[in-house]
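> make a model of this:
(chains A and B)
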Amino acid sequence: MNKYFHVIGIGLQNNLQYRFNFLTRTLFSFIPLFAMLSLWRTIYADNAGVGGHNGFTREQMICYYLLVAVVDVFTAVNEDDWQIAADIREGNISQFLLKPLDYLWYRLSLFFSGRIAFIAMASGPLAIFIYCHRQYFLLPPDAGTFGMFLVSLVLTALLQFFTSFAMAMLAFWLLEISTLIFILYAFEYLASGHLFPLDILPAGVKHVIFLTPFPYQLYFPIQIYMGKVAGASLWLGLAIQALWVGAAYMFARYMWAKGVRHYGAFGG
Amino acid sequence: MMNLKRYLILYAELWKNSVTREISFKGNFLLWIVVELLWFGLQLCFVSVLYSQTKSIGTWTQWEMVLLVGASNFIQQLYQAFFLTNCTNLSELVRTGKMDFFLLLPVNTRFLVSLRVVDLGAFVNALFAVCVMIFAATKLSLHPTVGQFVGFAALCVVGIMIHYSLMFILATICFWTVRAQGIVWGYYNLFNIARMPDEAFHGVFKAVFTFALPVLLVSNVPVRVLADKIYSPSAWLILVGVGAMWAVIAEWFWRISLRRYTSASS
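So this is what the prediction gives:
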């Protein structure tokens, strides 16, 4: 356990080198976010009845996008998948096969430290952005709900990481995996609720999407926070999310085991 | 005149080179087209979701916005075909010191650095964008005149040049900080708003992205010309004017940046 804390420490130092990069990333991402908020504000201003039929008031809609930005900062996989793929392609993983260090836990520690560094750099600008929109930023119904939100947030981050890890394992077989990562990301972008809250989709489509792990990569924790899911369905949702995390973990392990057997240790 | 001919011959050679390169990675070539198509589909999907909530955004109706998304994608794909890969590669040239080689060649360095690689897949995607635009125009029963077509095409060229100038400035930052991975990220975020209808924005945000960084004009103005929605001739005058300003700034920035180039130790 101790050695992984060490990895987190080193990862933190490494990631803080990119602090300027993280800061500009955060600032640039405010442009489309702000545009999205303007777009919805215009729609709500022109249509008094929208809120009635999609179940989102104007405040809730704006708050939804602010929460997307928050959850993203805490859980999104940044460059981990590219780095893992590069490690495999360039033969850097050979050393992990010899050391008493598990590559998956090692990468998870690095993911963790990357998130801490990112949060440290992004939280300031994000807090200011939210402060400017404070009349729209709603608080969760009660402390218990907020606690559940935090639990779901951790599960979301794990699900994101294990999925990306499994995807990156394709680098054992393929030279170029960025296209496949972008294809998966396109589906995730839509089905995890990045672009719009899934509630405004037709019920049938929403139902199908909830059979995939995507909503649990972003949409579900936000749903908890906004009090849109409560009671038994909340517990059921958390259980499903935990199951997806477990499945993704097992899949990542399986892909790693298969990949290592295939691995030819090119380069140094 | 001789000079122009020389550059055209040179550019033809660069094209041949790019074709050879793409042919050797056929699978990847096709997959990238799929990736771009998926993201385009995603944007169209977003439009249909938006218009399930409202009949119009400002005065923009659903099919007008589809036309806008199509045109925006068309401009972006053409820009990508000619310039994007080259702009993103600039930091790599600086980091590895390969820039030396380009500086020594008896050709304009900016020409070479900007147009070296052609992304052929992007032309295929531009064609898909044209199909979507034709479909939207039919739904709107538009019958543009020759003048409107010429105006649209000319403004698209201006739009592409604005994409290029802004991205090139972002890319030349790599002469100051060698690690410039955030560049593409910044570019995509900035041009993300190009496909949104200008009437959704107000105040400072609109002013900045109209007069300083004309992102809200690059596709909105051409589409307004095509769809008979132009409110005043000042719109395209601003687009052309600000575009020219950024082209001059980009060239100036390039010259200053190049002076900082010290080559990588080899």
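> list the contacts for B:Tyr164?
Residues in contact with B:Tyr164 (C-beta atoms under 8 Å, 6 or more residues apart in numbering or on different chains) are B:Tyr79, B:Phe82, B:Phe83, B:Cys87, B:Ser114, B:Ala250. Every C-beta, even on glycine, is put in place using the N, C-alpha and C of the backbone.
> out of those, which are inside helices?
Those of the contacts of B:Tyr164 mapping onto helices are B:Tyr79, B:Cys87, B:Ser114, B:Ala250, per DSSP state H.
> low-scoring stretches of the chain, by residue?
Picked chain A for this. Along chain A, the parts satisfying pLDDT under 70 run over A:51-52, A:265-268.
> switch to chain B, that's the one I care about
When residues are selected by pLDDT under 70, those of chain B lie in B:1, B:178-181, B:264-266.
> who in it is up against chain A?
Contact residues, chain B versus chain A (C-beta under 8 Å from any C-beta of the partner chain): B:25, B:28, B:31-32, B:34-35, B:38-39, B:42, B:45-46, B:49-50, B:52-58, B:177, B:179, B:181-182, B:185-186, B:189-190, B:192-193, B:196, B:199-202, B:205.
> list buried residues within the residues you listed.
B:28, B:31-32, B:35, B:38-39, B:46, B:49-50, B:53-54, B:56-57, B:182, B:186, B:189-190, B:192-193, B:196, B:199-201, B:205 (16 or more other C-beta atoms under 10 Å in any protein chain shown).
> in helices only, show me the residues you listed.
The helices, defined by DSSP H, take in B:28, B:31-32, B:35, B:38-39, B:46, B:49-50, B:182, B:186, B:189-190, B:205 from these.
> next, count neighbours for residue 152.
No chain was given, so I picked chain A. Using other C-beta atoms under 10 Å in any protein chain shown, A:Ser152 has 25 neighbouring residues.
> my bad, the chain I had in mind was chain B
B:Phe152, neighbours per other C-beta under 10 Å, totals 20.
> that one: which element?
Applying DSSP states H and E as the criterion places B:Phe152 in helix B:146-172.
> next, the buried residues of that helix.
Within helix B:146-172, the residues that qualify as buried by neighbour count (16+ other C-beta under 10 Å) are B:148, B:151-152, B:155-156, B:158-172.
> same question for stretch A:32-50.
Neighbour counts over stretch A:32-50 (16+ other C-beta under 10 Å) mark A:32-44, A:50 as buried.
> then stretch A:216-236?
Judged by neighbour count (16+ other C-beta under 10 Å), stretch A:216-236 contains these buried residues: A:216-229, A:234.
> picking up where we left off before, between the ones in helices among the contacts of B:Tyr164, which is nearest B:Ser141?
B:Ser141 has its nearest neighbour among these in B:Tyr79, at 29.8 Å by C-beta to C-beta.
> and the gap between the closest one and chain A?
B:Tyr79 sits 18 Å away from chain A, taking C-beta to the nearest C-beta, to the nearest Å as the criterion.
> could I get the contacting residues of that residue?
Applying C-beta under 8 Å, 6+ apart, the residues near B:Tyr79 are B:Gly159, B:Ile160, B:His163, B:Tyr164, B:Met167.
> thinking again about what came up before, narrow the buried residues of stretch A:32-50 to those in helices?
Short answer: the buried residues of stretch A:32-50 in helices (DSSP H) are A:32-44, A:50.
> about what we covered before: now the helix holding B:Phe152, how far from the chain's geometric center?
Remark: helix B:146-172 is offset 7 Å from the chain centroid, using C-alpha atoms, centre = their mean, to the nearest Å.
> ok, now which ones touch A:Gly49?
A:Gly49 neighbours (C-beta under 8 Å, 6+ apart): none.
> what sits closest to A:Asn78 if chain neighbours are left out?
A:Gly114 (5.7 Å; C-beta to C-beta, 6 or more residues apart in numbering or on different chains).
> quickly find the element holding that neighbour.
Going by DSSP H and E, A:Gly114 is part of helix A:103-132.
> report all helices and strands that that helix contacts.
Identification of packing neighbours for helix A:103-132 by 3 or more C-beta pairs under 8 Å, 6 or more residues apart in numbering or on different chains; DSSP states H and E yields helix A:2-16, helix A:19-46, helix A:58-75, helix A:80-89, helix A:143-168, helix A:231-262.
> for the spatially most central residue of chain A, which non-adjacent residue is spatially closest?
The structure's chain A has its C-alpha centroid closest to A:Ala76; by C-alpha atoms, centre = their mean the separation is 3.2 Å. Take A:Ala76 and drop its neighbours on the chain: the residue closest to it by C-beta to C-beta, 6+ apart is A:Gln160, 6.6 Å away.
> count the neighbours of that neighbour for me.
Neighbours around A:Gln160, by other C-beta under 10 Å: 27.
> OK, contacts around it?
Listed by C-beta under 8 Å, 6+ apart, the contact set of A:Gln160 reads A:Thr75, A:Ala76, A:Val77, A:Gln217.
> isn't the first one right next to A:Thr156, touching?
Yes. Judged on C-beta atoms under 8 Å, A:Thr75 makes contact with A:Thr156 at a distance of 4.7 Å.
> what do the two both touch?
Taking C-beta under 8 Å, 6+ apart as the criterion, A:Thr75 and A:Thr156 both touch A:Gln217, A:Leu218.
> residues making contact with the helix or strand harbouring A:Ile222?
Following DSSP H and E, one finds A:Ile222 within helix A:219-225. With contact meaning C-beta under 8 Å, 6+ apart, helix A:219-225 is reached by A:64, A:67-68, A:71, A:140, A:145-146, A:148-149, A:152-153, A:156, A:192-193, A:197-198, A:229, A:234, A:237, A:241.
> list buried residues within these.
Of the contacts of helix A:219-225, these count as buried by 16+ other C-beta under 10 Å: A:64, A:67-68, A:71, A:145, A:148-149, A:152-153, A:156, A:192-193, A:197-198, A:229, A:234, A:237, A:241.
> how many residues are close by A:Asp72?
17.
> likewise B:Ile256?
Neighbours of B:Ile256 under the rule other C-beta under 10 Å: 11.
> ok and the strand or helix carrying it relative to helix B:146-172, angle-wise?
Element membership for B:Ile256 (DSSP H and E) is helix B:234-259. Put simply, helix B:234-259 runs at 30 degrees to helix B:146-172, going by axes from the mean of the first three to the mean of the last three C-alpha atoms, to 10 degrees.
> which secondary structure elements does helix B:234-259 sit against?
When contacts are defined as 3+ C-beta pairs under 8 Å, 6+ apart, helix B:234-259 sits against helix B:109-115, helix B:146-172, helix B:215-218, helix B:220-226.
> need those helices in CSV with distance to A:Pro202, can you?
Formatted as CSV, those follow (distance: least, C-beta to C-beta, whole Å):
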stretch, distance to A:Pro202
helix B:109-115, 46
helix B:146-172, 35
helix B:215-218, 31
helix B:220-226, 29
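> distance check, B:Lys16 against chain A.
23 Å.
> thought A:Val192 was touching A:Phe210?
One correction, residue A:192 is Ser, not Val. No. Using C-beta under 8 Å, A:Ser192 is not in contact with A:Phe210, being 11.3 Å away.
> could you measure from A:Ala239 over to B:Cys131?
From A:Ala239 across to B:Cys131, the span is 45 Å (C-beta to C-beta, to the nearest Å).
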